[in-house]
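Novice: Mind looking at a prediction? Sequence and model below.
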Amino acid sequence: MKIFVTGGTGYIGSHTVVELQREGFEVVIADNLCNSRAEALEGIRQITGVMPGFERLDLTDAGATRDFFARHGEVDAVIHFAALKAVGESVHKPLEYYSNNLNSLMNVLASMREFGVRHLVFSSSCTVYGQAERLPVTESTPRREAESPYGNTKMMSEDILRDFARVEGEMNVIALRYFNPIGAHPSSLIGELPTGVPNNLIPYLTQTAAGIRPELSVFGDDYDTPDGSAVRDYIDVVDLAKAHVVAIRRLLEGRNRQNFEFFNIGTGRGLSVLEIIRAFERATGVKVNFRVTPRRAGDIEKVWADTTLANHELGWKAVVPIEETLLNAWNWQKHLMQ
Ligand code: NAD
Ligand code: WQD
């Protein structure tokens, strides 16, 4: 079985390619390398013993995307990771985000229809829930208006997929709503590439522990949470990668109940920023210099997933303990500094 993975040299994509190849799938990656490096391919090869197919391709180019499918038209399914993902940047560059994230999705869908590729797994996000009134969030928790153009591209992408699946009865789509993906492959051969000053908690934390940043700001300790710092559902990237493999199998084996489904992919457990810092220190023995600062604008207070649907329907569950995830993140940070 051959799977086309867009954005496959990126953070979550590269880990998913590893899991797909381990399960015997043949993979062809398309990525324009706007936020990743071709070296990820070598990491994947070292872990799995197999070099995935790769083409450098901008999926916003409809003609180039069509040509790709014309050449690889016999693919069985697509996993569409490719997108720009920096929330803050999207506020300043809305057109770039709408253009990149929506056009690439629509070009992929148009080519799938033309070449009869019927199965798609899409990267969505818990950002579609915003600050939910009731926790944990289930798949039937109402979506809220997006806080950023990035978040809006995920809402709009889900809507495009729903409308597309409604009229294209042969098409089967699963959208996975990731919570907060963190960590790296235990081999330290692939992981998240930092660009500039990180916005996300874990790369900032590991860079602080490594002495690259003087101190980590804990954004707010006055939230309505047990220790006052904000709570998220941090999902190990290898656990997350495995969710894609089971989603692909569900589609290929025709076990999906509708032709558009979506699932929460998290651990089901919320952890605060201060709990993450303590777990990191426990796991690595390295102290993190931090200071509590005011809340970050646009942040929600707390969110974590109800994963019952993914557990039952996909037969998937997050299993990696948080300390192990944080140790992998630390080892990856050390690898980057070698
Ligand atoms: P990433 O930036 O590491 O990977 C995305 C990849 O897509 C990159 O390799 C980039 O070069 C490529 N890409 C972007 N635009 C492209 C285009 N027009 N044509 C070809 N390639 C293109 O990001 P990631 O963290 O691996 O995220 C993967 C997906 O998961 C994204 O859709 C993201 O929005 C979604 N997601 C990520 C998170 C997270 O916190 N990392 C959370 C929820 C959802
Ligand atoms: C986590 C927690 C911060 C940095 C983002 C996107 C979301 C999804 C996942 C794509 C928060 C706190 C952070 C720091 C801190 N991505 N923090 N000091 O904001 O939950 O979600 O990534 O779909 O859409 O918004 O992730 O890692 O930035 O923050 O205290 O230096 O860590 O306030 O509570 P976030 P994050």
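Specialist: Sure thing, it's come through. Ligands and ions are numbered 1, 2, ... in the order given.
Novice: For residue 83, give me its contacts.
Specialist: 7, 100, 101, 104, 123, 153 (C-beta atoms under 8 Å, 6 or more residues apart in numbering). Placement of C-beta: from N, CA and C, glycine included.
Novice: can you redo those as CSV with neighbour count, secondary structure and pLDDT?
Specialist: Converted to CSV, these look like this (neighbours: other C-beta atoms under 10 Å; DSSP: H, G, I helix; E, B strand; the rest coil; pLDDT from 0 to 100):
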residue, neighbour count, secondary structure, pLDDT
7, 26, coil, 98
100, 21, helix, 98
101, 24, helix, 98
104, 26, helix, 98
123, 26, strand, 98
153, 26, helix, 98
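Novice: between those, which is nearest residue 336?
Specialist: Nearest to residue 336 among these is residue 7, at 20.3 Å by C-beta to C-beta.
Novice: Read off the pLDDT value for the closest residue to residue 132 other than its chain neighbours.
Specialist: Setting aside the residues directly before and after it, residue 132 is nearest to residue 141 in space (C-beta to C-beta, 6 or more residues apart in numbering), at 5.1 Å. Listed pLDDT for residue 141 reads 98.
Novice: Relative to residue 264, how far out is residue 141?
Specialist: Here residue 141 is placed at a distance of 9 Å from residue 264 (C-beta to C-beta, to the nearest Å).
Novice: Same question for residue 151.
Specialist: The span separating residue 151 from residue 264 equals 16 Å under the rule C-beta to C-beta.
Novice: Have a look at these two and say which one is more surrounded.
Specialist: Counted by other C-beta atoms under 10 Å, residue 151 and residue 264 do not tie: residue 264 has more neighbours, with 28 against 23.
Novice: In space, what's closest to the more buried one - neighbours in sequence excluded?
Specialist: Counting by C-beta to C-beta, 6+ apart, residue 264 lies nearest to residue 305, which is 4.1 Å off, once chain neighbours are set aside.
Novice: Give me every residue in the chain lying close to ligand 1.
Specialist: Proximity of the chain to ligand 1 (C-beta under 6 Å from any ligand atom) is limited to residues 7, 9-13, 31-36, 57-60, 81-85, 100, 104, 123, 125, 178, 181.
Novice: okay, residue 56: pLDDT?
Specialist: 98.
Novice: hey, what's it bridged with?
Specialist: residue 31 (DSSP bridges).
Novice: and it, what does it touch?
Specialist: 30, 31, 32, 33, 38.
Novice: Quick check: the last one vs residue 2, distance?
Specialist: So the one you mean is residue 38. 21 Å.
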